[in-house]
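A.B. asks: generate a structure from the sequence data that follows.
(chains A and B)
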Amino acid sequence: MIAISRRDSFPLAIAILAFAFLGLFLLYPLLNVFGASFLDRTGKVLTLANYVRILSSSFYLGSLGNSLILGILSTLLTIAIGVPLAFCLARLPIPGKSALLALASLPLVLPSFVAAYALVLLLGRAGIVTRLLRDIGVPFSSIYGVTGMTIVFAMTLFPFAVFPTLAAFKAVDVSVEEAGQNLGASRWRTFRTVTLPIVMPAVLAGGLLVFIEVIESFGVPFVLAEDKPVLAVEAYKLFVGETGNPASAGVLGVLLIVCTAIALLIQRHYLGRRRFSTATRRPPPELVVKPWLRRLACAYSWGVVLISLVPFFAIIVISLMEFRGPVMQSSPSLNNFRDLFGQSWRPLINTLSLSTAAAVTAAVIGVPIGFAITRFRSRVSDLLDVLAMTPFAVAGTVLAIGLIISFNSGGLVLTGGWLILVLAWVVRKIPFNVRASAAILYQIDPSLEEASINLGVSPPMTFVRLTVPLMMGGVIGGMVLTWVTVASELSSTVVLYSGPWATMTVVMFQALEGTGAGIASAAATVLIVFTVLPVALVYRLLRRHELGMM
Amino acid sequence: MTAISIDRVSRSYGTVRAVDDVSLEVEHGEFFTLLGPSGCGKTTLLRMIAGFADLTAGQIRFGNKRIDTLPPHRRNTAMVFQNYAIFPNLTVGGNVAYGLRARGVAEEEMKVRIARALRLVHLDGYGARWPHQLSGGQLQRVAIARCLVIEPEVLLLDEPLSNLDAKLRVEMRAEIRQLQQQLKITAIYVTHDQEEALAMSDRVAVMRAGKLEQVARAQDIYRAPATPFVAEFMGTTNLLTGTIAGRDGEALRIRVGQREFRAIGNARDGESVSFSLRPETIRLLDTGEAPPPGWSVVEADLGAVEFLGAISRIELDIGDGAMLRVAGLDLLPDQLKARGRIAAAYDPRRVTVFRE
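C.D. replies: Now for the predicted structure:
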């Protein structure tokens, strides 16, 4: 029998609890989705018929193609916008850079389907700008479909590409660039052959985040796709339609997971052969460039960031206008908010309380996992690392379907209550919390903990009394980010909510399905306020730990 | 023949003059070292030659061609960086090929030249390796091969040995010097390590606060420092101050407190001067032993003795709080302590006098 030393018993305890939690609320539901996709109508016989049916249907093949095309196009466009922006922010003198950085991180926390909805209100078939253009005789076709969705994704997801790339540009050792020039390569050639390859892994990491966000996005295609079916939405529709037999939805769910897994593997394969870190003592200095170039960089940087915020400003303005049915009038009014809260305050209270519960739980589970995988390297902690990152590649819709299949009956019934929402959110946010706390832990010298244990405090008490307080700033920052993203979560919420437990995003979603443009925009405004405020309050913390993930 | 002319070159950062009106000429095939404490402007001067620091005044020419107006990539200099600056995204071969590609060298010729360069630095067969698979010393060799392969007008080396451990440092400096001699390439070397400078260089320029203190052959700069700063910076020395108390034949008599020193040099009576006397030039006389002819003797009390094995560092108290440092070969502390008062002999011709 292998004796477990006392030193290892604490991380092992964390690992066991983490495996138990993730096993029950992540692996088991996913297994059930897989299972459902391979079972026939009776639920007893293994079969590939479901796959044959889905993959021979041109409609569902089309939705797979649409999802992939959308993912690839959006990723490319996001990178095309984000990399130059990251370079400008890292290496060129841009006035108001810190304000710009703060504003650029806003689209990360603002709900992207709100931006999509704003685009519909502005440029949709009956959109304000569309009508204006039509009035002055400019022909304007609709923005629905792949074009519109790609634009919305690029506008809302570009920070995912910008921030890792920005950090990478800042981490490039200047002397490597100087060596390039010294050996006879021009500035541009050096950039192309040295700088860009060095930051490429960061660009790909950002690109992967974007691709996965796009593939699993529910809200944006729901608002903008029109006749273009995509996997995440079709899985939802199938699941809601074929109650009791989630076979077809299961197939689409598996396809979604396969898509993200392949993207992950491609990225790992590329990164596996490259290790590009350069030792930097100080970040590279700002480049001295010609005035016209500086002005261009400034206009570009501010332009991209401000344009990305236009939908959110627009939705706030629209929510303050009078609506008659779906048609906006030109007089300001607070009626939309009156209508919104006239129905019930419950959704807002649900959002606030459930998000808080989820953020706290995600931190309570995520921080110890981050601790276990950074401080104790072993095969168990490597496995835990992989498992804790898995939710990242699982679309919210799929996880939610899995949770419903798993906890609809039997010993543990969760459907119909609030707990299932919180659990889904916690599982989805665990990768972020683990990564964020691991990032902080890498900066805390382990010898501090050794000193505490050496002075007679047990490992668990050391963790609670020393490590957690040292990590507190980062943990709170991570919690606020979790809170904010969970408050605007739609893809699993829309599957899991039931009657009294509808959240603000559900209210928006329902209003979009109907004709309540006024109520929808009011709900969106409330969401924006409740995401921007906490982020603004902890902005200092946020800046240090933004995108600790990946 | 002059390879590099640096002509009244200056560089200011705000009010600080990093390089202050420096003029230098470096010959073809010469190993020229810029030596000085950190912040003296030596690296800035090197980076001016490479084109990474702008000149606020002056000119730099390679032969008759003015190069300080050219962008860095047109200068045909090759620089070995302090941290090697190996491209992490390219293999060893790719790193060495980099400058050749930028010059549009044909593939076949390139292969030959890369193989030759790698052989030169003893890295044959390493072409396909990735930088992260190499040790510090090997990265250093890649950096050198990458420079040599483009056959630059001048090889610039910016403290290339400072990241290596002591033993490797000594090996690499011999190797770099040997390569430079073998290829007869002009090299400018920046370091703050005077031992490195003496071991490798044909000529050394000692810099201080952006200005040149002295430019001379390595042995001259040690033996005949031009200023007290150079005397102290190059190794250890006894830098004493005193007043001229007359002459004794061709020797000056310099009074330091209660003691008198002799030195060959020029100064007026009553003038206050400083002078340098190297510890290793002083000999401790045995009891009753006569000094060599022409040498002077100073009596002193034994102070601290630091036993380092081959040599011992000895401090002699010459009164008024002044100390005379002596480096003695093959001496044991016990031998000295038995003696009490000590007679230290030195050759007045080895004393360097600095007039104010």
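A.B. asks: what ranges do the strands span in chain A?
C.D. replies: Secondary structure of chain A (DSSP state E): strands at A:321-324, A:327-332.
A.B. asks: and the contacts of the last one?
C.D. replies: It stands for strand A:327-332. For strand A:327-332, the external contacting residues (C-beta atoms under 8 Å, 6 or more residues apart in numbering or on different chains) are A:L121, A:A126, A:I128, A:I318, A:L320, A:M321, A:E322, A:F323, A:A517, A:G518. C-beta here means a position set from N, CA and C on the backbone, and glycine is covered the same way.
A.B. asks: if we can go back for a sec, which of the strands of chain A has the lowest mean pLDDT?
C.D. replies: Ranked by mean pLDDT, the strands of chain A bottom out at strand A:327-332, with a mean of 77.
A.B. asks: pick the most deeply packed of the strands of chain A.
C.D. replies: Ranked by mean neighbour count, these are led by strand A:321-324 with a mean of 16 (mean count of other C-beta atoms under 10 Å in any protein chain shown).
A.B. asks: which other helices and strands contact that one?
C.D. replies: Judged by 3 or more C-beta pairs under 8 Å, 6 or more residues apart in numbering or on different chains; DSSP states H and E, strand A:321-324 is in contact with strand A:327-332, helix A:335-343, helix A:517-537.
A.B. asks: out of these, nearest to A:S112?
C.D. replies: Nearest of those to A:S112, taken as C-beta to C-beta: helix A:517-537 at 11.4 Å.
A.B. asks: pull the distance from the closest one to the chain's centre.
C.D. replies: 18 Å (C-alpha atoms, centre = their mean, to the nearest Å).
A.B. asks: in that helix, which residues are buried?
C.D. replies: Within helix A:517-537, the residues scored as buried using 16 or more other C-beta atoms under 10 Å in any protein chain shown are A:517-528, A:530-531, A:534-535.
A.B. asks: can you map out the strands along the stretch 251-356 of chain B?
C.D. replies: Secondary structure of the stretch 251-356 of chain B (DSSP state E, counting those that start in this stretch): strands at B:251-256, B:259-264, B:272-277, B:283-285, B:296-307, B:311-317, B:323-329, B:341-346, B:352-355.
A.B. asks: show me where the stretch 1-150 of chain B has its helices.
C.D. replies: Taking DSSP state H, counting those that start in this stretch to define them, one finds helices in the stretch 1-150 of chain B at B:42-50, B:92-102, B:107-120, B:136-148.
A.B. asks: max-length helix in chain A?
C.D. replies: Ordering each helix of chain A by length in residues (DSSP state H) puts helix A:58-91 first.
A.B. asks: and it, average pLDDT?
C.D. replies: Helix A:58-91 carries an average pLDDT of 92.
A.B. asks: hmm, that helix touching chain B?
C.D. replies: No: in terms of C-beta under 8 Å from any C-beta of the partner chain, no part of helix A:58-91 sits within range of chain B; the closest distance is 15.5 Å.
A.B. asks: show me what that helix is packed up against.
C.D. replies: helix A:97-104, helix A:146-171, helix A:196-216, helix A:231-241, helix A:247-272, helix A:291-319.
A.B. asks: could those helices go into JSON lines alongside mean neighbour count?
C.D. replies: Formatted as JSON lines, the helices and strands packed on helix A:58-91 follow (neighbours: other C-beta atoms under 10 Å in any protein chain shown):
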{"stretch": "helix A:97-104", "mean neighbour count": "16"}
{"stretch": "helix A:146-171", "mean neighbour count": "24"}
{"stretch": "helix A:196-216", "mean neighbour count": "23"}
{"stretch": "helix A:231-241", "mean neighbour count": "22"}
{"stretch": "helix A:247-272", "mean neighbour count": "19"}
{"stretch": "helix A:291-319", "mean neighbour count": "17"}
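A.B. asks: nearest to chain B, of those helices?
C.D. replies: Comparison of the helices and strands packed on helix A:58-91 against chain B by C-beta to the nearest C-beta identifies helix A:196-216 as nearest, at 3.7 Å.
A.B. asks: what residues are up against the residue nearest in space to the middle of chain A?
C.D. replies: Centroid-nearest residue in chain A, with C-alpha atoms, centre = their mean: A:E213, separated by 5.6 Å. A:E213 makes contact with A:S112, A:F153, A:L157, A:F160, according to C-beta under 8 Å, 6+ apart.
A.B. asks: report pLDDT for the nearest residue to the last one once chain neighbours are set aside.
C.D. replies: Nearest in space to A:F160, with sequence neighbours left out and distances taken as C-beta to C-beta, 6 or more residues apart in numbering or on different chains, is A:L209 at 4.3 Å. At A:L209 the predicted local distance difference test score is 88.
A.B. asks: what sits against the residue lying closest to B:Y98 once chain neighbours are set aside?
C.D. replies: Distance criterion C-beta to C-beta, 6+ apart; nearest residue to B:Y98, sequence neighbours excluded, is A:L183 at 5.3 Å. By C-beta under 8 Å, 6+ apart, the contact set of A:L183 is B:H73, B:A78, B:Y98, B:G99, B:A102, B:R146, B:C147, B:I150.
A.B. asks: and the lowest-mean-pLDDT helix or strand in chain B, what's buried?
C.D. replies: Every helix and strand of chain B was ranked by mean pLDDT, DSSP states H and E. The lowest is helix B:333-337, at a mean of 80. For helix B:333-337, a neighbour-count test (16+ other C-beta under 10 Å) marks B:L336 as buried.
A.B. asks: list the contacts of it.
C.D. replies: Looking at what lies outside helix B:333-337 - C-beta under 8 Å, 6+ apart - the contacts are B:L284, B:L302, B:V305, B:F307, B:S312, B:I314, B:G328, B:I342.
A.B. asks: contacts only, for the second one.
C.D. replies: With contact set as C-beta under 8 Å, 6+ apart, B:L302 has these partners: B:I314, B:L316, B:D317, B:L336, B:K337, B:R339, B:G340, B:R341, B:I342.
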